[in-house]
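Asks: following is a predicted model, sequence given first.
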Amino acid sequence: ASELDSTLESADVVVFSYGGCPYCRKVTRGFEAEGIKYREVDYDDMDDGEAVRREIAARHKQRSVPAVFVKGKFVGGCNDGPESWMGALKLLSNGGLREMLGSKL
């Protein structure tokens with residue numbers, strides 16, 4: 001398995017970020033406010049973060065941060081993604097995130 005795959009298997013909610021990214025902070029603060037457990041992974045702290053970022057871009061057509069995954073499924077960035085339903089904060093506010101997690105929060 002790739003470093004991306006093994007990281008995604010490590011938690012139900014994974015946020016790939018860069019230190020100092022304001023949109024990454026918005027997502028993690030939103031999750032914290034709602035009591036959603038997540039794992040934040042800074043690309044700079046990974047063995048080969050740039051390769052993981054390239055793999056996310058190739059698989060999911062998104063290069064920006066944050067890159068948010070729920071149960072291994074890419075859900076976009078902070079407010080949007082390649083598909084109209086995507087965006088971590090959007091899914092947080094419309095109940096989609098809890099639905100994806102099976103409401104086991």
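Replies: Arrived safely, thanks for sending.
Asks: what's the pLDDT at V70?
Replies: In this model, V70 is scored at 97, pLDDT.
Asks: which residues in the protein form strands?
Replies: 13-17, 39-42, 67-70, 73-76 (DSSP state E).
Asks: so what's the gap between the third one and the chain middle?
Replies: Averaging C-alpha positions (C-alpha atoms, centre = their mean, to the nearest Å) puts strand 67-70 2 Å from its chain's average.
Asks: ditto for the first one
Replies: Using C-alpha atoms, centre = their mean, the distance from the centre of strand 13-17 to the centre of the chain it belongs to is 4 Å.
Asks: buried residues in that strand?
Replies: Going by neighbour count (16 or more other C-beta atoms under 10 Å), the buried part of strand 13-17 is 13-17. For the C-beta atoms, the positions are set from N, CA and C on the backbone; glycine is no exception.
Asks: then it to PDB, C-alphas only?
Replies: Taking Å, rounded to 0.1, in the frame of the first residue of the first chain, the C-alpha atoms of strand 13-17 are listed here in PDB:
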ATOM      1  CA  VAL A  13     -11.300  11.300   9.200                       C
ATOM      2  CA  VAL A  14      -8.000  12.400   7.800                       C
ATOM      3  CA  VAL A  15      -7.000  16.000   7.000                       C
ATOM      4  CA  PHE A  16      -3.900  16.500   4.900                       C
ATOM      5  CA  SER A  17      -2.500  20.000   5.500                       C
END
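Asks: what's the mean pLDDT across it?
Replies: Regarding strand 13-17, the rounded mean pLDDT is 97.
Asks: so what secondary structure elements neighbour that strand?
Replies: Strand 13-17 sits against helix 22-33, strand 39-42, helix 49-60, strand 67-70, with contacts defined as 3 or more C-beta pairs under 8 Å, 6 or more residues apart in numbering; DSSP states H and E.
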